[in-house]
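1. requesting a structural model of the entry that follows:
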Amino acid sequence: MTEELTKDIVREKLLESKKLGWKLEPEKSDNILIDKLFRKASKTQKGGPGYPEFILTNQNYPELVIIVECKKDRKFHESKEGNNFVLYAVDGVSHYSDSLSKEFNVISIAASGTDKKNIKISNFLQLKKSKFEKISSEFLNPSDLYEIYVTKTSKSDFELNNFTKNLNERLHDEDIKEDKRCLLVSGILIALQNKPFKKVYKDHKTTNLLFNSMIAAIVDELEPKPENKETIKKSFEWMKYHKVLNSDRAFVVNLIDEINESFNNYIKTHEYFDFVSKFYVEFFRYASNAKSLGIVLTPPHIAELFNDLAETNKNSVVLDNCCGTGSFLVSALRYMIKKSGGDKNKEKDIKEKQIIGIEKEQDMFVLSTCNMKIHDDGKSNIYFSSCFDFEQNKLFKNIKPTIGLLNPPFKPPKKQMKKKKEELEFVLNNLEMISPNGITVALLPMDCVNTQKGEGLILKQELMLKHTLLGVMSLPDELFYDSDTSTVTCCIVVKAHVPHNKSFKSYLGYWKDDGFVKRKWGRVDDKNLWQEKKKLWLDSYFNKKEIKELSALVALKPEDEWCAEAYMMTDYEKLNKEDFEKTIKNFLSYKFINDKSY
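-> Residues are numbered from 1 along each chain as shown. Take a look at the predicted model:
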């Protein structure tokens, strides 16, 4: 009997999920980065390439790779020492997993034996830059293994959510205001990147000395432009004068210990995850001042969708002219790094030259700077300024943005109205900074695109006079469930500096169902529906498809309503009492919030 029998048995099982998008490759992979990681993975450890029997990938889950190592004899399943990579299945697959986990999450299958009924199986999971751990001994197909992977990573997310929630409650008990909690946690994360501080922070005898050391470490790590050095220092000076923090050294040291253990370990396995915005959402969940500022933070899957719509690539230069905590910048960074195919020089260029943010609120500016630094962006191009006062010529001497991504501050209800910029003014400002034929994608309240009078109409006219409205997509009603806001939103896609042709048909999408469901800790993709939903949406958008109850193509004018709901045919047979009640409630809620005469 030969090892080919083992391979045949395993191959048959692996192909059960072929229709669900799993690609099976023997030994070498078409994926350039995977192949590159295997080039120095020889099991003899003498250099040269080494490859497992099978490699499985799925374009819907690009962060995950499944690999398989086979042996014909069950006695060669696993050695006691675990380092006999050539002879034993488990040892060999762990060796390959170590190589791949530098850039991917890896599921490994070790299979031995030539009897289908008695084949020995061990399944392992190794998250990126983390440990190799056993997850099952069952003979499972790729989709079943993926379910285990989701459960494991969701558990990790759940633990992070719980820690963040408990941390919020503890900081509240210590009388630390919402707007300072995120600065404190972000500052600690940055300071812990400073080796001298990490080594000695427990040795400081007073909190004043500890905070002086922390602030110095933060400034050293952020390497701010000279004009921003004092701004960053001022944003953290409050820690030294906070009565509770200043009197409780043990609390501060324990807090640093816990953040180091909980978040830094998580960062290693969740690269380019937007931690700072996650803190901000939790810390402001029940705070009224976040709503009064118009702060609505973009969910990660929507930020990724915006990059898809903008066709962001490794050579894109991305601008967010009201970047807040940096959600879109982190998303674009992750997106471009993925597209760079493991080219480290290109990754360096992306981090240093291709991400640009502008933010006028001091603490938000500092948070976005911290956010980029957490993701190893040591030369962050975050500018402390109002985008409307920004000196474009000074910034764009050598490089001009090709893509704009933004979620502008939402205007407060009319009852609280002060002199605030219209959301579309931020969009027009962004477009002015984008190179001709570049793409701007923005998240806006629905009333911005539906307004048919006043200043809103004037802004819509200006947009079409100078630029092309490619599309408007109605987004899920409860998109900002995490932020405790009921704002109904849309996504607008615009081509810069190409006047809108009157006969051009803009794409209008009814993108209300993203497959996410509400849980205590937010909206989550529990049923793994998002990737298929997104695939359908993008296909209909890029191929200009009119699909019943999903999309329409319409030649629009400024005075028109720019939303799919106004043009799609309604299937009244599907309407029921619950739909009617929900619509009435949404309408009344909208009127109550936005109409001062109501």
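
2. tell me the buried residues in the helix or strand containing L465?
-> L465 belongs to helix 454-466 when assigned by DSSP states H and E. Using 16 or more other Cβ atoms under 10 Å as the test for burial, helix 454-466 gives G456, L459, K460, L463, M464, K466. No exception for glycine: its C-beta is placed from N, CA and C like everyone else's.

3. can I get these in TSV with pLDDT?
-> Shown next, in TSV, are those (pLDDT from 0 to 100):
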residue	pLDDT
G456	93
L459	97
K460	97
L463	98
M464	98
K466	97
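
4. S108: neighbour count?
-> Neighbour count for S108, taken as other Cβ atoms under 10 Å: 30.

5. likewise K202?
-> Counted with other Cβ under 10 Å, the neighbours of K202 add up to 11.

6. which SS class is it?
-> helix (DSSP: H, G, I helix; E, B strand; the rest coil).

7. run a quick neighbour tally on the nearest residue to D539 once chain neighbours are set aside.
-> Computed as Cβ to Cβ, 6 or more residues apart in numbering, the closest residue to D539 that is not its neighbour in sequence is K545, at 7.0 Å. Per other Cβ under 10 Å, the neighbour tally for K545 reads 13.

8. ok, now which ones touch the residue nearest to P401 when sequence neighbours are not counted?
-> Excluding the flanking residues, the one nearest P401 by Cβ to Cβ, 6+ apart is L319, at 3.8 Å. Shown in contact with L319 (Cβ atoms under 8 Å, 6 or more residues apart in numbering): I356, G357, I358, P401, I403, G404, L405, N430, M433, I434.

9. I'd like the next helix or strand past the helix or strand hosting L319.
-> Assessed by DSSP H and E, L319 sits inside strand 318-320. Per DSSP H and E, strand 318-320 leads on to helix 327-339 as the next helix or strand towards the C-terminus.

10. helices and strands around that next one, which ones?
-> Contact analysis of helix 327-339 by 3 or more Cβ pairs under 8 Å, 6 or more residues apart in numbering; DSSP states H and E lists helix 300-310, strand 318-320, helix 344-353, strand 355-359, helix 362-374, strand 403-406 as its packing neighbours.

11. what residues does it touch?
-> For helix 327-339, the external contacting residues (Cβ under 8 Å, 6+ apart) are 62, 271-274, 277, 297-298, 300, 303-304, 306-307, 312-314, 316, 318, 320, 323, 347, 350-351, 354-355, 357, 368, 371-372, 375, 377, 382, 403, 405-407.

12. per-domain residue ranges of the chain.
-> What the record gives for the chain is the domain set 3-150, 174-269, 270-594, from automatic domain parsing.

13. give me the mean pLDDT for the first one.
-> I take that to be domain 3-150. Domain 3-150 comes out with an average pLDDT of 88.

14. for it, how far is the first residue from the last?
-> 31 Å (Cα to Cα, to the nearest Å).

15. and the residue nearest to P401, what pLDDT?
-> Among the per-residue scores, L319 shows a pLDDT of 96.

16. what of L192?
-> For L192, pLDDT reads 91.

17. and for the one 4 residues further on?
-> You'll see P196 listed with a pLDDT of 94.

18. so what's the closest residue to it other than its chain neighbours up against?
-> Nearest non-adjacent residue to P196, counting by Cβ to Cβ, 6+ apart: A217, 7.2 Å away. A217 makes contact with I190, A191, N194, P196, F197, according to Cβ under 8 Å, 6+ apart.

19. go ahead and confirm the first one touches H375.
-> No. Applying Cβ atoms under 8 Å as the test, I190 and H375 come out as separate, 11.4 Å apart.

20. so for those two, which residues contact both of them?
-> Counting by Cβ under 8 Å, 6+ apart, nothing touches both I190 and H375.

21. per-residue pLDDT of the most centrally placed residue in the chain, please?
-> With distances taken as Cα atoms, centre = their mean, P300 lies nearest the centre of the chain, 3.7 Å away. For P300, the model assigns a pLDDT of 81.

22. check the gap between the residue nearest to P401 and G21 for me.
-> Distance from L319 to G21, counting by Cβ to Cβ, to the nearest Å: 34 Å.

23. what's the answer for M239, then?
-> Look at M239 and G21: by Cβ to Cβ, they are 49 Å apart.

24. and if you look at E559?
-> From E559 to G21 the distance is 44 Å (Cβ to Cβ).

25. show me which of those two is the more surrounded one.
-> A side-by-side neighbour count of E559 and G21, using other Cβ under 10 Å, places G21 first with 16 against 11.

26. least confident secondary structure element in this structure?
-> When the helices and strands of the chain are compared on mean pLDDT, DSSP states H and E, helix 288-292 comes out lowest with a mean of 45.
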